[in-house]
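1. Next input, structure requested:
(one chain, ligands or ions: 2)
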Amino acid sequence: MEQIFITDVSPRDGLQNQALHLSTAAKLELIRLLCLAGVSSIEATSFVSPKAVPQMADAAELLHQVNQAFPALRSSVLVPNLKGLQRAQAAGAKEIAVVLSATDMMNQKNINMSLAAAVAASEQTLRQAKINRLRTRAYIAVAFECPFEGIPPLDRVLALAEQMLQAGADEIVIADTIGAAAPAAVKERITALAEVVPLAKLAIHLHDTRGMAVANAWASLEAGIRRFDASAGGIGGCPFAPGAAGNLATEDLVLMAEHSGFSTGINLDRLLTVVDFAQAELQRPLGGRSSTWLRRQRERRAAGD
Ligand code: COA
Ligand code: ZN
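-> Ligands and ions are numbered 1, 2, ... in the order given. Got it, this is the predicted structure:
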């Protein structure tokens, strides 16, 4: 069976926009449960301004504990600039992700930089990270639609992806930050991107605002993508992108992929345990579109049917 590779971003994308702020211990438990479910790659936290995102203020302490507790886990952290990189490295980061948006206004809102300044900051951060022998990812956010500027020109998205590759990104993560893409656009943009970035280095990051994340994941698979971001229970959303709802739920992606001839290495029952935990901690109902059905299956099995 062909494998797909999933990075669970719930500890970062999932928690950065929550009204309830989890303790460092609760975040560590979330990550432990993800590991138990078979998740081999996570985005643990972000080294951003604690004024901008107070939910991530404990990044250094959390990363330190994650590295101690799960040395084999591939854990990445988001950094917006050189200061973030320095903080991340001091805390023991082995992999970082820079976040560049495809429009001027989204960069302004998210990281207080123009598009040109954001490109420069991302390039500088990637170059320094490579010198320091870190693994690197580069997000191209709002690659399908921006809440402020609409659909960014495809040529610009291609140019930004190429620039990030040149600057040393090991992986280019194409993000539908507000969940506005449809499968046809996903296929079109991924096919075009594959001309400038090797498919093995391309990943997709989907949100489920309009209920199309699984369809978009399928379109990505058909276009040759094998690397996905997803979030257990679908928890997620950017605080600076109005209208953004939760991420593609990891359980929805795993269910779709495993029923379509791909293996993920992730156990769905154990993934539900992660969702239950996050739900209890965040005190609100969570779960992807498949979760009601998955929970019913679990109850039936427990009842011995
Ligand atoms: N981590 C922590 N603090 C940081 C930082 C980082 N990566 N980068 C800058 N700072 C601090 C500066 O030291 C300065 O601190 P001071 O006020 O105590 O002197 C303060 O933040 C302002 O610095 P400045 O360079 O002017 O930053 P800014 O106010 O223009 O903010 C960012 C820029 C990138 C730091 C901020 O917009 C940010 O953290 N954005 C993150 C957005 C995010 O996480 N979005 C969701 C994920 S896509
Ligand atoms: Zn996201």
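2. what's the model's confidence in the longest helix anywhere in the chain, averaged?
-> In the chain, with assignment by DSSP state H, the single longest helix is helix 115-131. For helix 115-131, mean pLDDT rounds to 98.
3. Likewise for stretch 6-15?
-> Here stretch 6-15 scores 97 as its mean pLDDT.
4. Quick one: check it for contact with ligand 1.
-> No - using C-beta under 6 Å from any ligand atom, stretch 6-15 stays clear of ligand 1, coming no nearer than 7.3 Å. Every residue, glycine included, has its C-beta placed from N, CA and C.
5. Repeat that for stretch 177-188.
-> No - Stretch 177-188 lies apart from ligand 1 when judged by C-beta under 6 Å from any ligand atom; the minimum separation is 7.5 Å.
6. How far does that stretch sit from its chain's centre?
-> From the chain centre to the centre of stretch 177-188 is a distance of 16 Å (C-alpha atoms, centre = their mean, to the nearest Å).
7. if you average pLDDT over it, what comes out?
-> Stretch 177-188 carries an average pLDDT of 97.
8. just use 31 as the starting number from now, easier for me
-> In the new count, where the first residue is 31, that last one comes out as stretch 207-218.
9. Can you list the strands that the helix or strand hosting residue 130 pairs with?
-> Counting by DSSP states H and E, the element that carries residue 130 is strand 125-131. According to DSSP bridges, strand 125-131 forms sheet pairs with strand 104-108 (parallel), strand 165-171 (parallel).
10. any chance of the ones you listed in TSV, with mean neighbour count and mean pLDDT too?
-> Shown next, in TSV, are the strands paired with strand 125-131 (neighbours: other C-beta atoms under 10 Å; pLDDT from 0 to 100):
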stretch	mean neighbour count	mean pLDDT
strand 104-108	25	98
strand 165-171	25	98
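11. what would those strands look like in a markdown table with distance to residue 234?
-> Output for those, formatted as a markdown table (distance: least, C-beta to C-beta, whole Å):
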| stretch | distance to residue 234 |
| --- | --- |
| strand 104-108 | 15 |
| strand 165-171 | 10 |
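12. need the ones you listed in JSON lines with distance to ligand 1, can you?
-> Below are these laid out as JSON lines (distance: least, C-beta to the nearest ligand atom, whole Å):
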{"stretch": "strand 104-108", "distance to ligand 1": "6"}
{"stretch": "strand 165-171", "distance to ligand 1": "6"}
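13. between those strands, which one is nearest to residue 325?
-> strand 104-108 (28.2 Å; C-beta to C-beta).
14. For that closest one, output the C-alpha coordinates as CSV.
-> Extracted as CSV, the C-alpha positions of strand 104-108 are listed here (Å, rounded to 0.1, in the frame of the first residue of the first chain):
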residue,chain,number,x,y,z
ARG,A,104,9.4,14.7,14.2
SER,A,105,8.3,18.0,15.7
SER,A,106,8.3,21.3,13.8
VAL,A,107,7.7,24.8,15.2
LEU,A,108,6.5,27.9,13.4
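15. Flag every buried residue along whichever helix or strand comes after that strand.
-> Where DSSP H and E defines the elements, the next helix or strand beyond strand 104-108 is helix 112-120. For helix 112-120, burial by neighbour count (16 or more other C-beta atoms under 10 Å) applies to 114-115, 117-119.
16. out of these, who's near ligand 1?
-> 114, 117.
17. where do the helices sit along the stretch 231-335 of the chain?
-> Assigned by DSSP state H, counting those that start in this stretch, the helices in the stretch 231-335 of the chain fall at 243-252, 280-288, 298-312, 321-332.
18. tell me the angle of the longest one relative to helix 280-288?
-> On the basis of axes from the mean of the first three to the mean of the last three C-alpha atoms, to 10 degrees, helix 298-312 is oriented at 160 degrees to helix 280-288.
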